[in-house]
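Q: Prediction below, plus the sequence it came from.
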Amino acid sequence: MGLEERVAFAQTKRNEVLESEDADAKEGVRAFAEKRAPVWQGR
């Protein structure tokens, strides 16, 4: 896979993550404050 293909792939995956319900990271911050493991939705 060439550089341009890797960059395009990374951008695609980044967009998928940012559009997921877990992207806002509120659960991660809340779980940290409550001293518990986060419960990710995986969506």
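A: Perfect, thanks for sending it. Numbering: from 1, shown residues only.
Q: Just give me the neighbour total for Gln11.
A: 10 (other CB atoms under 10 Å). Where C-beta positions appear, they are placed from N, C-alpha and C, glycine not excepted.
Q: should've said Gly28
A: Counted with other CB under 10 Å, Gly28 comes out at 14.
Q: how near is it to Ala37?
A: Distance, Gly28 to Ala37, by CB to CB, to the nearest Å: 10 Å.
Q: ok, now Val29?
A: With CB to CB as the criterion, Val29 and Ala37 are 13 Å apart.
Q: try Phe9
A: For Phe9, the distance to Ala37 - CB to CB - is 30 Å.
Q: and the residue most central in space within the chain, which of the three is it?
A: Taking CA atoms, centre = their mean, the centroid of the chain lies closest to Val17, which sits 4.1 Å from it. What DSSP: H, G, I helix; E, B strand; the rest coil gives for Val17 is helix.
Q: which residues of the chain fall in helices?
A: For the chain, the helices defined by DSSP state H cover 3-18, 26-33.
Q: could you redo those as JSON lines and give each row distance to Gln41 and mean pLDDT?
A: Formatted as JSON lines, those follow (distance: least, CB to CB, whole Å; pLDDT from 0 to 100):
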{"stretch": "helix 3-18", "distance to Gln41": "13", "mean pLDDT": "91"}
{"stretch": "helix 26-33", "distance to Gln41": "8", "mean pLDDT": "85"}
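Q: hey, which of these is tucked in deepest?
A: Most buried of the helices of the chain by mean neighbour count (mean count of other CB atoms under 10 Å) is helix 26-33; its value is a mean of 12.
Q: Run through the neighbouring helices and strands of it.
A: Helices and strands touching helix 26-33, as assessed by 3 or more CB pairs under 8 Å, 6 or more residues apart in numbering; DSSP states H and E, are absent.
Q: And for that helix, what's in contact with it?
A: Ala37, Pro38, Val39, Trp40, Gln41 (CB atoms under 8 Å, 6 or more residues apart in numbering).
Q: I'd like to know which of those residues are buried.
A: With neighbours counted using 16 or more other CB atoms under 10 Å, these contain no buried positions.
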